[in-house]
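Participant: Provided below are the primary sequence and the corresponding predicted coordinates.
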Amino acid sequence: QKEVEQNSGPLSVPEGAIASLNCTYSDRGSQSFFWYRQYSGKSPELIMSIYSNGDKEDGRFTAQLNKASQYVSLLIRDSQPSDSATYLCALNYQLIWGAGTKLIIKP
Amino acid sequence: DAGVIQSPRHEVTEMGQEVTLRCKPISGHDYLFWYRQTMMRGLELLIYFNNNVPIDDSGMPEDRFSAKMPNASFSTLKIQPSEPRDSAVYFCASSFSGSTGTGELFFGEGSRLTVL
């Protein structure tokens, strides 16, 4: 079992809809969780970090953490074509990474 | 302010040659990470340093790989001898830990290595 699992996609979402990205992990002791966005041919950039159970909102982005169920998700509201990218989930102070989910926002 | 600077941006070499990748972290950052990214394996942590000291090199594939950080403003990743399976994009990232662990990572633009 991989330490971090993400659906590779592509996940296709119409413009203006909510995009939901999920990440499950195996280590129950994981303490810190991060979502990075990576455009094709570019380097990853941080979107959000979350450390406690529950929701954390930042603009159109909401991170959700459920440690009991060992998953962390990222919701993107009012999806825009510029949100089309690969989204990477990282754990444990960014030492462990998922393979990423490719998101495509269709105009 | 300058971000993380990596060189070279692209490197094409032949199997068996030595490859040296370079990284200049953001001034004031106390963590430096080296990652490798491929389509098959995604983003993999190779090694990371805290205050120039290597903390964990368990991700380094084998003895052909070595990394150094002689001072706070420079790090190298060396592959000797290189093999075709080393072809990947190598990212350097730095962060300031503050009170939140390793902090937000700032990535360089990456070094794309092709070993023929």
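Facilitator: That came through, no problem.

Participant: going by C-alpha atoms from here, please, whenever you check contacts or count neighbours.
Facilitator: Will do.

Participant: got any ranges where the chain has weak pLDDT?
Facilitator: No chain specified, so I'll use chain A. Within chain A, the stretches with pLDDT under 70 are A:1-2.

Participant: oops, I was thinking of chain B
Facilitator: Scanning chain B for pLDDT under 70 picks out B:1, B:99-102.

Participant: near chain A, which residues of it are found?
Facilitator: B:41-45, B:91, B:101-110 (C-alpha under 8 Å from any C-alpha of the partner chain).

Participant: how about a cut-off of 7 Å?
Facilitator: B:R41, B:G42, B:L43, B:L45, B:G101, B:T102, B:E104, B:F107, B:G108, B:E109, B:G110 (C-alpha under 7 Å from any C-alpha of the partner chain).

Participant: whichever of these end up buried, select them in PyMOL.
Facilitator: Buried residues within these, by 16 or more other C-alpha atoms under 10 Å in any protein chain shown, are selected in PyMOL with:
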select buried, chain B and resi 42+43+45+102+104+107+108+109+110
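
Participant: farthest pair within the residues of chain B next to chain A?
Facilitator: The span of the residues of chain B next to chain A, defined through C-alpha to C-alpha, is set by B:R41 and B:G101 at 25.5 Å.

Participant: tell me how far stretch B:48-66 lies from the chain's centre.
Facilitator: 9 Å (C-alpha atoms, centre = their mean, to the nearest Å).

Participant: same question for stretch A:62-70.
Facilitator: Distance of stretch A:62-70 from its chain centroid, counting by C-alpha atoms, centre = their mean, is 11 Å.

Participant: how about that stretch: buried residues?
Facilitator: For stretch A:62-70, by 16+ other C-alpha under 10 Å, it's A:T62, A:A63, A:Q64, A:L65, A:K67, A:Q70.

Participant: isn't the fifth one up against A:N53?
Facilitator: Going back to what we said before, that points to A:K67. Yes. The criterion here is C-alpha atoms under 7 Å, and A:K67 meets it with A:N53 at 6.4 Å.

Participant: pick out the residue of chain A closest to chain B.
Facilitator: In chain A, the residue that lies nearest chain B is A:A99 (4.7 Å; C-alpha to the nearest C-alpha).

Participant: so how many other residues sit close to that residue?
Facilitator: By other C-alpha atoms under 10 Å in any protein chain shown, 24 other residues sit near A:A99.

Participant: tell me how far it lies from B:C92.
Facilitator: 18 Å (C-alpha to C-alpha, to the nearest Å).

Participant: is the closest residue to chain A within chain B bridged to anything, and to what?
Facilitator: Residue nearest to chain A within chain B (C-alpha to the nearest C-alpha): B:G42, separated by 4.7 Å. Taking DSSP bridges as the rule, B:G42 bridges to B:T38.
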